[in-house]
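Q: model the structure of this input:
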Amino acid sequence: MSFFWLLGLVAFMGVALLSLRRGVILYLISALIFPSLWINDTIVLRVELIYCLWLVFVLFLRKTTLKSNFRWHSILSKYAIFLLIIVLSTMFGLVDRATESSLSSLVFTFYGVLRPLLVMFVLLNTFFDEKFPFQVLQALIWLSIPISLLSIGQSLGLDVAQKITLQGYTSTSRTPVFALLEKIGVIVRSTGVFESPVYNGVFFVAILTIIGVILASEWIGFKHKWVLYLLFSLSIVAGITTLSATFILGTIFALTILLFFFRHRYPKYFLQFTVGVAFIASIFVVSLSFFTQRDTFKGVLTYQINRVISGVFLNTRFDPETGIFKETYKAIQQRPIFGWGFKKLENVFVGDSTYMVLLYWGGIVGLGTFLWIIYSILRNAWRNRNQAGLQGTISWIVFLWTLIFLATSFGSPSFFILRLQEWYWALVGIFLNLCSRTHQNHAVGNSIRRVL
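A: Okay, here's the model as predicted:
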C-alpha cells in the first residue's frame, strides 16, 4: 500500500512538471478520492499535503524560467489578512494559556487553512483554454459516481464498501465511522470518502447544484442530458444514505436557488427543470421505500426526520447548556474579539460549523474578515453572471456554490471540509483567472481606442 501510494504521488508530480494544467486536475482528483496513507497508529498522510506545495513550486519554476509576472487579486489579499489575524490570535492565545495542541498539530492546522490561498494563487496564474474549466467540472461530476456507489454500499453494509472505507478513508481525528460500526455493525449513515455523513451530504448538495447549472449551460461533453439526469438521480439516492439533516435542508435550499437560477438566466428551461424536480421527488420517494425495508436504516431515518421536524438537531449543537458547543461558547466569551487561533483548549469542541470555528479561531474580527472575503466572491460573481459563454457559467457556479456553502456552514465547516475545500477554492481561482483576463482585454481595448 505504501509503495503504490508513493509511486502514485511521484507519477502525479511528474505530470505536473510536464503540464501544470494536468497537474492541477490530478491534484483535485487525488485530493478527493486518493486514499490516506497511515504512517503509524496516530499519523495519517494525505496526498494534497505534499502535492499542493509541489504545484506552487512548479508554478514558480515556470514563471521564473519564462520571466513572467504573477497575477494577484484583492480577494487573495483579503484571505491573507484573514490568515494573519488567525496567526496573531494563535500567538496571543499561546501566551495567555497553555494548550493541548503540539507544535506539529498547530502547523498542520495552519497549512490546512493556508491551502485555499495557495490553490487560488495557482489557478489564478495558470494559463488555460476554455476546455480546462469544463474538464475540471467534468472530472468532479464523473467522480461523484464512485463516491455515490461507495456511499450506497456503506449504507447497505456491503463488505467491500466497508473494507475500502476502513483502509483508505478513515483517520483517528474523525470518529463517526468507528462509532457507527461499534453501535450498529454497519456504516448505516454513509460517509463516502469524507469520514463524516454530514460532510458527505454537503458534497452531494454541491454536486446537485453543479449538475443543475451544467444542464442549462449546454457545454460540450454532456451532449446527452439523460446522463446528467441519471447522475443527478444517483446523487440524490447517495445523499439520502447520509441520513443527514444538512443534506435534506441543503437540497431543499439548492433546488430553490436553482429554480431562481433557471427562471433568471434560462426562462425557457424553467418548466423543464420544474418537471425534473418532480421526477427527482419521485426518485426520492422510491429510494426511501427501498432503504426503509431495512430496519436499521428505517430506525435511523425516523430518528433523523423527527430531529429535523422538532428542531432537536439544533439543540444538540447550539444549545448553550447541553449542546456540543457548550464549552466552545465559554471559550469564545473569554476572547470574543480575536479568539484563540489554532490553539486547542481542554474540552472545547471546534468543528461542525464554519461560523463557530471562525469565532473560536479569530473571534468577531476573524469571522467578519472571512465573511468579507465571501461577500467579495459573491459580489464579483454576481457582477459577471451575465457574461457570455464560459465566464458567465463559471460565475453562476461560484455564486450558487458559495450560497450553498454559506447555508450548510451552520451544520458543517463547508469551506474547510477536507477533500472538498480544494474544489471550491479551485473554482474561485478559475473564476478570478477569467475575470483577470476580461479586465486585461478591456484595458487593452481602451488603450487601442485612445491611440486611434
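
Q: got the contact list for the closest residue to residue 200 other than its chain neighbours?
A: Spatial nearest neighbour of residue 200, excluding adjacent residues (Cβ to Cβ, 6 or more residues apart in numbering): residue 192 at 4.0 Å. No exception for glycine: its C-beta is placed from N, CA and C like everyone else's. If you count contacts by Cβ atoms under 8 Å, 6 or more residues apart in numbering, residue 192 has them with 147, 150-151, 154, 169, 199-200, 203, 238, 242.

Q: narrow those to those in helices?
A: Among those, the members falling in helices are 147, 150-151, 154, 199-200, 203, 238 (criterion: DSSP state H).

Q: and of these, the nearest to residue 377?
A: Here the nearest of these to residue 377, counting by Cβ to Cβ, is residue 203; it sits at 19.7 Å.

Q: per-residue pLDDT, that closest one?
A: If you check residue 203, the pLDDT there is 95.

Q: what sits against residue 435?
A: If a contact means Cβ under 8 Å, 6+ apart, then residue 435 has 73, 380, 384, 391 as its contacts.

Q: can you classify the residue nearest to residue 200 by secondary structure?
A: For residue 192, the secondary-structure state derived from DSSP: H, G, I helix; E, B strand; the rest coil is coil.

Q: how near is it to residue 145?
A: From residue 192 over to residue 145 the distance is 12 Å, taken as Cβ to Cβ, to the nearest Å.

Q: how many neighbours does residue 47 have?
A: Applying the criterion other Cβ atoms under 10 Å, we find 22 residues in the vicinity of residue 47.

Q: that one reaches residue 12, doesn't it?
A: Yes: if you go by Cβ atoms under 8 Å, residue 47 and residue 12 touch, sitting 7.4 Å apart.

Q: what do the two both touch?
A: What both residue 47 and residue 12 touch, as defined by Cβ under 8 Å, 6+ apart, is the set residue 30.

Q: sorry, back to before: include distance to residue 112, neighbour count and secondary structure when you put the contacts of residue 435 into JSON lines, please.
A: Shown next, in JSON lines, are the contacts of residue 435 (distance: Cβ to Cβ, whole Å; neighbours: other Cβ atoms under 10 Å; DSSP: H, G, I helix; E, B strand; the rest coil):
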{"residue": "73", "distance to residue 112": "22", "neighbour count": "21", "secondary structure": "coil"}
{"residue": "380", "distance to residue 112": "25", "neighbour count": "20", "secondary structure": "helix"}
{"residue": "384", "distance to residue 112": "29", "neighbour count": "19", "secondary structure": "coil"}
{"residue": "391", "distance to residue 112": "30", "neighbour count": "21", "secondary structure": "helix"}
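
Q: mind putting those into TSV with pLDDT?
A: Shown next, in TSV, are the contacts of residue 435 (pLDDT from 0 to 100):
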residue	pLDDT
73	93
380	94
384	88
391	83
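
Q: could you dump those to a markdown table with distance to residue 430?
A: Supplementary listing: the contacts of residue 435 in a markdown table, determined by distance: Cβ to Cβ, whole Å:
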| residue | distance to residue 430 |
| --- | --- |
| 73 | 12 |
| 380 | 13 |
| 384 | 12 |
| 391 | 10 |
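
Q: return the member of those nearest to residue 51.
A: Using Cβ to Cβ, residue 73 comes nearest to residue 51 of the contacts of residue 435, at 23.0 Å.

Q: check contacts around the closest one.
A: When the contact criterion is Cβ under 8 Å, 6+ apart, the partners of residue 73 are 120, 124, 432, 435-436.

Q: if we go to 10 Å?
A: For residue 73, the residues meeting the contact criterion (Cβ atoms under 10 Å, 6 or more residues apart in numbering) are 79, 120-121, 124, 376, 380, 428-429, 431-433, 435-436, 439.

Q: just the buried residues of those.
A: Burial by neighbour count, 16 or more other Cβ atoms under 10 Å: within the contacts of residue 73 this picks out 79, 120-121, 124, 376, 380, 428-429, 431-433, 435.

Q: from those, which ones fall inside helices?
A: Counted as lying in helices by DSSP H, out of those, are 79, 120-121, 124, 376, 380, 428-429, 431-433, 435.

Q: count of residues packed around residue 390?
A: For residue 390, the neighbour count with other Cβ under 10 Å is 18.

Q: one more: residue 167?
A: Other residues near residue 167 number 12, with proximity taken as other Cβ under 10 Å.

Q: from residue 246, how far off is it?
A: Computed with Cβ to Cβ, the distance linking residue 167 and residue 246 is 26 Å.
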